[in-house]
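Engineer: The sequence and its predicted three-dimensional model are supplied below.
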Amino acid sequence: MEKKKLIIGVDGGGSKSIGAAADESGRVLAVYRGGGTNSYQIGAEQARRNLKEIVDALERACGGACTLLSVGLPSLDTTADEKTLRNFAGDVFDPERLILESDACMALEGMTGGDRGMIVICGTGSMALLDDGTGQRVAGGWGYLLGDPGSGYGIAMAGLRAAISAWEGTGPETTLSDRALAYWDIKQPRDLIGLIYDPTCGPDAVARFAGEVFALAEAGDGEAVNIIREETRRVAWQAASLLQSAPGVEKVGLYGGIFQHHPLARRLFAEALRERLPERTVQIVKPEYPPEIGAVIRGFKRLGTLNAEKLANLKTSYPALSAAGKVKLKSGE
């Protein structure tokens with residue numbers, strides 16, 4: 001009996017990756033969460049191993065064979081060149097049946113359903129990606145060292161700097177000072193140095209303090225409010241710059257933990273974008289499909305078989321699969 005032909009899409013991440021397998025009609029058959037696939041963090045060999053685990057698990061669950069693997073990686077800026085593609089594939093994957101693009105590209109495909117538009121992502125890092133049908137353009141995404149405005153890391157560091165300024169008497173008083181001591185469980189402000197500079201304290205760990213900044217902003221702390229307003233204004237202006245170069249794009253999707261969990265960030269972003277582009281009617285939306293389904297959509301586009309029926313099947317089958325409890329988690333999680 002011939003095995004089902006599968007299009008597998010993967011939303012790669014640093015600590016975890018999510019894969020989805022669809023048949024040729026666009027019906028999602030299985031979803032699997034595996035390990036990280038960011039080769040910058042864990043190396044190409046481990047990234048390939050984790051990706052292979054995801055593909056193998058999906059093939060077993062579906063009783064099928066992967067005919068095209070479409071992967072979004074946080075270690076890429078846009079589409080992988082031929083050398084990068086083959087290096088990543090190694091002797092594990094067929095490079096002729098492998099798509100490697102940035103995770104933002106796949107999130108954009110999920111937001112637009114393969115059409116034109118722009119997505120703004122604010123999680124640990126931040127970036128904006130636009131596709132007007134003639135090509136992709138990117139703003140931000142410089143990483144935590146060079147600057148990711150609106151990101152969890154950027155907001156957290158701004159909050160810590162405001163606390164330091166208050167401690168030193170060079171800035172206004174703020175409840176961020178007490179909150180920083182309590183959050184990091186330290187007695188003296190300068191104990192913060194050892195914690196933040198500890199090699200085990202990565203960007204993700206720092207970025208989690210952004211939740212404290214939002215909590216204080218929502219409680220009325222003036223400095224916390226200013227930080228959120230300034231950070232979202234900067235990322236909104238990046239988005240506005242891209243939109244000015246693409247007059248036909250009017251749909252902007254917001255994605256990532258900052259936008260998903262904090263209505264204040266969504267509201268301030270929208271206000272700053274309207275202020276920057278008062279003459280434009282921009283529709284701010286939530287993505288229609290998650291990034292792993294965006295990766296599947298990218299696969300169908302590569303094959304030249306994307307159509308309204310497949311999009312409808314993806315849209316209905318993925319939530320139904322999740323609701324039925326058929327999302328398969330990595331063993332031990």
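Structural biologist: Right, received. Where do you want to start? Numbering: from 1, shown residues only.
Engineer: just the strands in the stretch 151-300 of the chain please.
Structural biologist: Per DSSP state E, counting those that start in this stretch, the stretch 151-300 of the chain carries strands over the ranges 251-255, 283-285.
Engineer: out of these, which comes closest to Glu271?
Structural biologist: Relative to Glu271, the nearest member of these by C-beta to C-beta is strand 283-285, separated by 10.8 Å. The way it works is simple: take the backbone N, C-alpha and C, and place the C-beta from them, glycine included.
Engineer: so where do the helices sit in the stretch 1-150 of the chain?
Structural biologist: 39-42, 44-62, 82-89, 103-112, 143-146 (DSSP state H, counting those that start in this stretch).
Engineer: Tell me which of those sits nearest to Ser317.
Structural biologist: Here helix 44-62 is closest among these (C-beta to C-beta), at 12.4 Å.
Engineer: Report the inter-axis angle for that closest one versus helix 82-89.
Structural biologist: 70 degrees (axes from the mean of the first three to the mean of the last three C-alpha atoms, to 10 degrees).
Engineer: Helix 44-62: how far from the chain's middle?
Structural biologist: 21 Å (C-alpha atoms, centre = their mean, to the nearest Å).
Engineer: Now it - C-alpha only, PDB.
Structural biologist: Output in PDB follows, covering the C-alpha atoms of helix 44-62 (Å, rounded to 0.1, in the frame of the first residue of the first chain):
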ATOM      1  CA  ALA A  44      23.900  22.200  13.200                       C
ATOM      2  CA  GLU A  45      24.300  18.500  14.200                       C
ATOM      3  CA  GLN A  46      21.900  18.700  17.100                       C
ATOM      4  CA  ALA A  47      19.500  20.900  15.100                       C
ATOM      5  CA  ARG A  48      19.400  18.200  12.400                       C
ATOM      6  CA  ARG A  49      18.900  15.500  14.900                       C
ATOM      7  CA  ASN A  50      16.000  17.300  16.500                       C
ATOM      8  CA  LEU A  51      14.400  18.100  13.200                       C
ATOM      9  CA  LYS A  52      14.800  14.400  12.100                       C
ATOM     10  CA  GLU A  53      13.000  13.400  15.300                       C
ATOM     11  CA  ILE A  54      10.100  15.600  14.400                       C
ATOM     12  CA  VAL A  55       9.800  14.400  10.800                       C
ATOM     13  CA  ASP A  56      10.100  10.700  11.900                       C
ATOM     14  CA  ALA A  57       7.400  11.100  14.500                       C
ATOM     15  CA  LEU A  58       5.000  12.800  12.100                       C
ATOM     16  CA  GLU A  59       5.600  10.200   9.400                       C
ATOM     17  CA  ARG A  60       4.900   7.400  11.900                       C
ATOM     18  CA  ALA A  61       1.800   9.200  13.200                       C
ATOM     19  CA  CYS A  62       0.400   9.700   9.700                       C
END
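Engineer: list the buried ones in it?
Structural biologist: Residues of helix 44-62 classed as buried: 47-48, 50-51, 53-55, 57-59, 61-62 (neighbour count, 16 or more other C-beta atoms under 10 Å).
Engineer: Would you mind giving the residues you listed as CSV with distance to Leu130 and pLDDT added?
Structural biologist: CSV is the format used below for the buried residues of helix 44-62 (distance: C-beta to C-beta, whole Å; pLDDT from 0 to 100):
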residue, distance to Leu130, pLDDT
Ala47, 27, 88
Arg48, 31, 90
Asn50, 30, 93
Leu51, 28, 94
Glu53, 33, 95
Ile54, 29, 95
Val55, 30, 96
Ala57, 34, 94
Leu58, 31, 95
Glu59, 35, 95
Ala61, 35, 91
Cys62, 34, 93
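Engineer: In this model Ala166 seems to touch Leu176, though I could be wrong.
Structural biologist: Yes - with contact defined as C-beta atoms under 8 Å, Leu176 counts as touching Ala166 (7.0 Å).
Engineer: More neighbours: which of these two?
Structural biologist: Leu176 (29 against 20; other C-beta atoms under 10 Å).
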